[in-house]
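**Q** what follows is a predicted protein model with its sequence.
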Amino acid sequence: MPEQAGAEISNSIELFPALCDLIPFCLFTEFEYYIDGLKRNYFITCITIESDMPSPDLNKYYTYKDYLTWDDGKRWEIIEGKLYPLEFGDDPQNMSPAPKRKHQKISGNLARAIGNYLLGKSCEVYEAPFDVRFVEEDLSETVLQPDISVFCDQSKLDDRGAKGAPDWIIEILSPSTDFRDKSIKAFLYQKHMVKEYWLVDPDKQLVVAYKLKDGRFDVPNEYTEGKVPTFFDQLTISFDDIFS
């Protein structure tokens, strides 16, 4: 094989798969090389999906009214007027897929345990996607989709989700939302008087539980085994049942 051919193969292998990484639905099928002195070409096949809705500007201020007009198939949150795309986590350039199977299984395990306990009771549990709207003091708007929300005040529930703070919120950590769940959302939930806030870490198999005390989250309790006490005095959830 000529020396030039080897260089072209190397360059093509390095460049074009990387290019495909930047283009959704792009398939790298062949690179440039020589066989018996004949030059072959690389091919890239790309499929683009058009949408009637332009991508929202992440630097713009948004309200719940704007939120209701979006129909792009993506999940968004608005925190005090600032837009956060759930698919991208905190970095819109670092696209992440839908929650992993482990995340979804833990969410289902918790929702089932809580839901079974609440049968015949006035409180209700909801899994994401479920819109929870908060109205800020400066009238900016916050719309979140906690992984699990528990409401005991029926007046906060409506056909679009809920308006007002849940009594108990559970967020299941993922690399793309870890920082937001531990800082931005924790502060927001405390400000809006969420009575109990759980952070569940699938990788560390850890439950961190914050309880509201005198208007602030107290020092959290951490659980790595046994039965985990919950917002409801009569309900404990087995650690194995959460992470099984």
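**A** Looks like it came in fine. Numbers count the residues shown, from 1 in each chain.

**Q** now the helices for this protein?
**A** Secondary structure of the chain by DSSP state H: the helices cover 3-22, 64-67, 101-118, 178-179, 185-191, 239-243.

**Q** now the fourth one: mean pLDDT?
**A** Think helix 178-179. Regarding helix 178-179, the rounded mean pLDDT is 89.

**Q** if we can go back for a sec, any idea which of the helices of the chain has the lowest pLDDT on average?
**A** helix 3-22 (a mean of 38).

**Q** show me the chain divided up by domain.
**A** 3-46, 101-243 (automatic domain parsing).

**Q** pick the most deeply packed of those.
**A** With neighbours taken as mean count of other C-beta atoms under 10 Å, the domains of the chain reach their highest mean count in domain 101-243, at a mean of 17. Where C-beta positions appear, they are placed from N, C-alpha and C, glycine not excepted.

**Q** what about that domain, start to end distance?
**A** 12 Å (C-alpha to C-alpha, to the nearest Å).

**Q** what about the chain, any weak spots by pLDDT?
**A** The chain contains residues with pLDDT under 70 at 1-58, 70-74, 85-99, 136-140.

**Q** list the contacts of the longest strand that the chain contains.
**A** In the chain, with assignment by DSSP state E, the single longest strand is strand 206-213. With contact meaning C-beta atoms under 8 Å, 6 or more residues apart in numbering, strand 206-213 is reached by 186, 190, 193-201, 217-218, 220-224, 228-229, 239, 242.
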